[in-house]
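J.: Take this sequence and fold it.
(chains A and B)
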Amino acid sequence: MSNFKDAQNKAHPNKTNTLMSALIVILILNVGIQIWLLYTGLNNALGENKDIALPAFIASLVLFLIGFFWLYFLPMGYRKK
Amino acid sequence: MPDQTTKEPNWKQDFPIERTESTKVSRRDFARFLCLVSGGLAVGSGYVAVKANFFPDEPVKGEHFVCKADSVPTGGTRSFVIDGSTIPYILIRLENGNWRAYEQKCTHLSCAVYYKPGSGQIVCPCHEGFFDAMTGDVLAGPPPRPLPALEVVLKGNDVYVKAASHNTTSI
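T.: Sure thing, here's the model as predicted:
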């Protein structure tokens, strides 16, 4: 039985390229937001404003999990058998 | 059964990996690496959150003797360290007669700051950060936060410092 991954792996290389670029752009965006969250959380924690640190961590963790499960959509490429 | 290795030149045994194989980063690997960086940043944020909420820095307890008041000229400074701590502080006798004590670490990248006599400003020479010597607030430059301050207490000719309380005015 064919599933999503099989169909994706048989897709035209143009589609695979677009998909790969989109995935990487989203991941870079996530990392950019995480850098900002870390900077903000650290800055506020050092400035005795510790209430920011926990929400920043939770947001950062959610972004990481999104990025992690995002990798499921990575095209497999043409595997040598 | 033929021996495969005899057909290859000897140097290939020493260098079995092709140059393109070792230098090429595939987009799959790049995406995975981005995910790894993302995890590292999440761990870093977690460390900050745990440190801020459960292991905060201890405030300075009690009063600590720094020096005699007449050993610091007007517009002069003195560096000091509180017993049991490694944080460097700077004691400033301002031209207007006020005494101030701040951490001597710039809030940007922890360079040592110094008081510029006559200007009322504390300067970080690394990246041109300027702080107000009266309040510790950032006047210009990259520092993101004011300098952490201590409260100066004068007892006769002796200068003491203690943890700054937010709603009292120091001398």
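J.: Return the alpha-carbon coordinates of stretch A:41-60 using PDB.
T.: Presented in PDB, the C-alpha positions along stretch A:41-60 are these (Å, rounded to 0.1, in the frame of the first residue of the first chain):
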ATOM      1  CA  GLY A  41      15.100  35.500  28.000                       C
ATOM      2  CA  LEU A  42      18.700  35.800  29.000                       C
ATOM      3  CA  ASN A  43      18.700  39.500  28.800                       C
ATOM      4  CA  ASN A  44      15.600  39.800  31.000                       C
ATOM      5  CA  ALA A  45      16.800  37.100  33.500                       C
ATOM      6  CA  LEU A  46      20.100  39.000  33.900                       C
ATOM      7  CA  GLY A  47      18.100  42.200  34.400                       C
ATOM      8  CA  GLU A  48      16.200  40.700  37.300                       C
ATOM      9  CA  ASN A  49      13.100  40.100  35.200                       C
ATOM     10  CA  LYS A  50      12.900  36.400  35.400                       C
ATOM     11  CA  ASP A  51       9.200  36.000  34.300                       C
ATOM     12  CA  ILE A  52      10.200  36.100  30.600                       C
ATOM     13  CA  ALA A  53      12.600  33.100  30.800                       C
ATOM     14  CA  LEU A  54      10.000  30.300  31.200                       C
ATOM     15  CA  PRO A  55       7.600  31.400  28.400                       C
ATOM     16  CA  ALA A  56      10.600  31.900  26.200                       C
ATOM     17  CA  PHE A  57      11.800  28.300  27.000                       C
ATOM     18  CA  ILE A  58       8.400  26.800  26.300                       C
ATOM     19  CA  ALA A  59       8.100  28.700  23.000                       C
ATOM     20  CA  SER A  60      11.600  27.600  22.100                       C
END
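J.: quick one: the top helix by length along chain A to chain centroid distance?
T.: Taking DSSP state H as the criterion, chain A has its longest helix at helix A:13-46. Chain-centre distance of helix A:13-46: 6 Å, with CA atoms, centre = their mean, to the nearest Å.
J.: List the buried residues for that helix?
T.: A:16, A:20, A:23-24, A:26-28, A:30-31, A:34-35, A:37-38, A:40-46 (16 or more other CB atoms under 10 Å in any protein chain shown). Bear in mind the C-beta positions are built from the backbone N, C-alpha and C, glycine included.
J.: now swap in stretch B:26-38 and tell me
T.: In stretch B:26-38, the ones that count as buried by 16+ other CB under 10 Å are B:27-28, B:31, B:34-35, B:37-38.
J.: and these near chain A, which?
T.: When contact is defined as CB under 8 Å from any CB of the partner chain, those meet chain A at B:27-28, B:31, B:34-35, B:37-38.
J.: which parts of chain A sit against chain B?
T.: A:20, A:23-24, A:27-28, A:30-31, A:34-35, A:37-38, A:41-43, A:45-47, A:50, A:53-54, A:56-57, A:60-61, A:63-64, A:67-68, A:70-71, A:74, A:77.
J.: Is the residue nearest the centre of chain B part of a helix or strand, or is it coil?
T.: Geometric centre of chain B, nearest residue: B:Ser110, 3.4 Å, by CA atoms, centre = their mean. Classification of B:Ser110 using DSSP: H, G, I helix; E, B strand; the rest coil returns coil.
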